[in-house]
Structure formats: structure tokens, C-alpha cells
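Colleague: Dropping a prediction and its sequence here:
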Amino acid sequence: MARNFKETIKHRRTYYSISNTSPISDKEIQEIVEYAVLHVPSAFNSQSTRAVLLLGENHLKLWSIVKETLRKIVPEKSFKATEDKIDGCFAAGYGTILYFEDQAVVEGLQKQFPSYNDNFPKWSQHTAGMHQFAIWNMLEDAGLGASLQHYNPLIDEEVAKTWNLDSNWKLIAQMPFGTPLQEPGEKEFSPLDKRVLVFK
């Protein structure tokens, strides 16, 4: 269902109701992630973004970690709603992409270019956001629905330990995805004249 770039951006939405099926192969999903990591720009060509694609049992393991981490801090009377959301919206999907930023790269640039020291952590976040946006749009174009979640830093330590990840990788976001089970609602837009200024 290849669309042009503008159409893909327009149709991308947040999907909470997804199934554990995919219209494309695992190899094609991997290629989407790899394509973005290879080609999306980064400040000073830092290439600081790291991605972990979790499928099958690994996808389910992540959301089990999230659930058990939250069980320890969410009041018991409120936990059922939390559990239902995780099981029904995120764990129910086909896979999850974890987004990280390599702090060794960020700190290396801070040392190399000290006059920009304070900016590199911000620019790293910009890089992360561009990768998330690019992959989200490519998943949408392939017929997959996704959402962006932020259970970090609560789950950081357990995630790093479970998948034996580099300690310099800082978890930024989690993107569960799967085949959408329903059409998204209409999106409301704030007036453009309040958001874009043009001077000729």
C-alpha cells in the first residue's frame, strides 16, 4: 500500500488496539528498522541511535517486565486497570521496538567539542525522535499500527540485564506494533495560523 511521503505522514496514527499478526514478514520488519538506523540523520553524524527489535517471546517478555515493575509501585486497587492496558494494548501486539541513545557517543562528542557540551544530550534526543518518526511511518505504510510508550527509566535496569545490553545505551522509548484492529478516530488540529508564521 505504498503511499507518497506526505500521504504516509497524514495517515500515521497512534494505535492502541492491535493484534499479534503482521501483514509483512519478520525480515521486512527488520529491514525497516535497519533502513532508518542507516539513513536517518544525526547531529555531527553521531549515529548515536540504537534499536532493539523484539518479536515472539521476547516481545511478551518485555511487557511482562513492564507489568511486574509497575506491580511494585502501583496501588493494588489501581493495578487491574494498568494490567488490562498492558495486556490489551501493548503485549497484544506482534512486536516491540526499543529505542536507545548510546551515551558513550554523546559523551565522546562532548569531550571532542566542549563548546557544544550542553547541546549534545539535546541533539541526541532530536536524533532519537527522528528515528522513531521514520520507523513509525514506514510501519504505517506497511500496514502495521504502532504507539510510542515511555516506561523508562523504571524498566531500564531489567531490560538491560534481560537482553545483555551495553550499559551505555540509554532507553528512550518503546514502540509496540501489530495489525490494527480498528480505524483510528479523526484527528483534531489546532489552527495553523497559531503554529506557523510566514514572513515574505
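Modeller: Here it is on my side, so go on. Since we're looking at a predicted model, the values are computed, not measured.
Colleague: can you tell me which strand in this protein is longest?
Modeller: Taking DSSP state E as the criterion, the chain has its longest strand at strand 169-180.
Colleague: and that one, what does it pack onto?
Modeller: Using 3 or more C-beta pairs under 8 Å, 6 or more residues apart in numbering; DSSP states H and E, the elements in contact with strand 169-180 are strand 18-19, helix 57-71, strand 95-102, helix 119-141, strand 145-146, helix 156-162. For glycine as for every other residue, the C-beta is placed from the backbone atoms N, C-alpha and C.
Colleague: redo that, cut-off 6 Å
Modeller: Contacting strand 169-180 under the criterion 3 or more C-beta pairs under 6 Å, 6 or more residues apart in numbering; DSSP states H and E are the following elements: strand 18-19, strand 95-102, strand 145-146.
Colleague: Looking at the ones you listed, which is nearest to Q47?
Modeller: Of all the helices and strands packed on strand 169-180, strand 95-102 sits nearest to Q47, with 8.6 Å by C-beta to C-beta.
Colleague: The helix or strand just after that closest one vs strand 95-102, what angle?
Modeller: Next helix or strand after strand 95-102 toward the C-terminus (DSSP states H and E): helix 103-112. Helix 103-112 and strand 95-102 meet at an angle of 20 degrees, taking axes from the mean of the first three to the mean of the last three C-alpha atoms, to 10 degrees as the criterion.
Colleague: which residues sit against helix 103-112?
Modeller: F44, S46, S48, N117, F120, S124, N168, K170 (C-beta atoms under 6 Å, 6 or more residues apart in numbering).
Colleague: Can you tell me which of the residues you listed are buried?
Modeller: S46, S48, F120, S124, K170 (16 or more other C-beta atoms under 10 Å).
Colleague: now the closest residue to I9 other than its chain neighbours: how far from S64?
Modeller: Excluding its sequence neighbours, the residue lying closest to I9 (C-beta to C-beta, 6 or more residues apart in numbering) is N137, at 6.3 Å. As judged by C-beta to C-beta, to the nearest Å, N137 and S64 stand 29 Å apart.
Colleague: neighbour count winner among these two?
Modeller: Neighbour count, other C-beta atoms under 10 Å: between N137 and S64, N137 has more, with 19 against 16.
Colleague: Nearest the middle, which residue of the chain would you pick?
Modeller: The centroid of the chain falls nearest to M175 when counting by C-alpha atoms, centre = their mean (3.8 Å).
Colleague: ok, I135 touching E34?
Modeller: No - using C-beta atoms under 6 Å, I135 makes no contact with E34, being 10.1 Å away.
Colleague: Who has more neighbours out of the two?
Modeller: Between I135 and E34, counted using other C-beta under 10 Å, I135 has the larger neighbour count: 24 against 12.
Colleague: related to what we said a few turns ago, what residues does the longest strand of the chain touch?
Modeller: Under the criterion C-beta under 6 Å, 6+ apart, residues 15, 18-21, 50, 90, 93-103, 128, 139, 144-146, 148-150, 152, 156 lie in contact with strand 169-180.
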